[in-house]
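[1] Quick one, what's the 3D model for this:
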Amino acid sequence: MPRAPLIAREMLPPDRQPLYDQIAAQRGHVALPFAALLNSPEVAARVAALGEQLRYSGAAIPAEVRETVTLAVARNMRCQYIFTHHVASAKQAGLREEVVQVIRDVAPPRRLLPKEGVFVQFTRELLEEKRVRDATYAAVEHLLGRQATIDLIVTIGYYALQCYVVNALGIELEEGVQPLMPSLP
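    Below you'll find the model as predicted:
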């Protein structure tokens with residue numbers, strides 16, 4: 001059971017219901033992390049707007065790269081909800097099963113093609129070391145360009161935020177959804 005109520009549209013005051021509609025518009029629904037964030041409607045709307053910018057409107061990052069770092073963030077932060085829900089998105093974006101497995105199993109990214117593994121490495125360095133090595137940064141900027149590299153960093157931060165929300169509020173997978181990430185010791 002989540003630590004904060006999951007807010008449905010009708011639970012919001014009438015003047016805040018458009019914020020709910022805004023969140024649902026691009027996604028087609030309000031996922032549980034946003035239903036929990038709606039306990040602070042303006043924050044929920046701003047977080048959702050950033051996610052929309054990164055995922056839908058200003059996609060400077062290729063979808064397969066975005067999903068690679070999303071899975072890597074979720075795995076690093078032990079966030080079953082985000083990991084499980086993004087496996088399907090990753091496969092839809094064209095991510096190879098081997099990439100998903102390397103991330104899921106916390107295996108060395110050198111097992112992947114360099115153009116795949118570098119994004120796993122970048123994410124792990126940023127989250128674990130709190131910085132990115134010059135060689136890793138240069139490789140990513142070479143592949144993506146400056147703007148997309150900046151967007152990549154913000155995407156990692158965005159999904160880290162989502163994982164913090166899910167983990168801190170105890171949001172669990174919906175009934176019937178099978179977890180796709182093993183537990184770490």
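[2] for the chain, which helix is longest?
    Longest helix in the chain by number of residues (criterion: DSSP state H): helix 146-169.
[3] helices or strands up against it?
    helix 32-37, helix 41-52, helix 63-76, helix 80-92, helix 114-124, helix 134-144 (3 or more Cβ pairs under 8 Å, 6 or more residues apart in numbering; DSSP states H and E). All C-beta atoms are positioned from the backbone trio N, CA, C, and that covers glycine.
[4] Looking at these, which one is packed in the most?
    Counting by mean count of other Cβ atoms under 10 Å, helix 63-76 has the highest mean neighbour count of those, with a mean of 25.
[5] hmm, who's touching that helix?
    By Cβ atoms under 8 Å, 6 or more residues apart in numbering, the list of residues contacting helix 63-76 from outside reads 54-55, 59, 79-83, 86-87, 89-90, 93-95, 99-100, 103-104, 106, 116, 119-120, 122-124, 127-128, 144, 152, 155-156, 159-160, 163, 181.
[6] For the helix or strand containing Gln101, list every residue counted as buried.
    Per DSSP states H and E, Gln101 falls inside helix 97-104. For helix 97-104, the neighbour count (16 or more other Cβ atoms under 10 Å) marks 99-100, 102-104 as buried.
[7] my guess is Ala139 meets Phe119, correct?
    No - Ala139 lies out of contact with Phe119 (Cβ atoms under 8 Å); the separation is 9.4 Å.
[8] For this structure, give me the ranges with low pLDDT.
    The chain contains residues with pLDDT under 70 at 184-185.
[9] let's see it at 80
    58-59, 184-185 (pLDDT under 80).
[10] Let's have the helices and strands packed on helix 146-169 in JSON lines, adding distance to Ile7.
    Shown next, in JSON lines, are those (distance: least, Cβ to Cβ, whole Å):
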{"stretch": "helix 32-37", "distance to Ile7": "5"}
{"stretch": "helix 41-52", "distance to Ile7": "8"}
{"stretch": "helix 63-76", "distance to Ile7": "23"}
{"stretch": "helix 80-92", "distance to Ile7": "17"}
{"stretch": "helix 114-124", "distance to Ile7": "30"}
{"stretch": "helix 134-144", "distance to Ile7": "36"}
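[11] okay, now the domains of the protein?
    9-57, 63-168 (automatic domain parsing).
[12] For the first one, what is the spacing between the initial and final residues?
    As for domain 9-57, its first-to-last residue distance stands at 24 Å under the measure Cα to Cα, to the nearest Å.
[13] likewise the longest one?
    In domain 63-168, first residue to last residue: 27 Å (Cα to Cα).
[14] on that earlier part again, to Glu174, which of the domains of the chain lies closest?
    Smallest distance to Glu174 across the domains of the chain (Cβ to Cβ): 7.1 Å, for domain 9-57.
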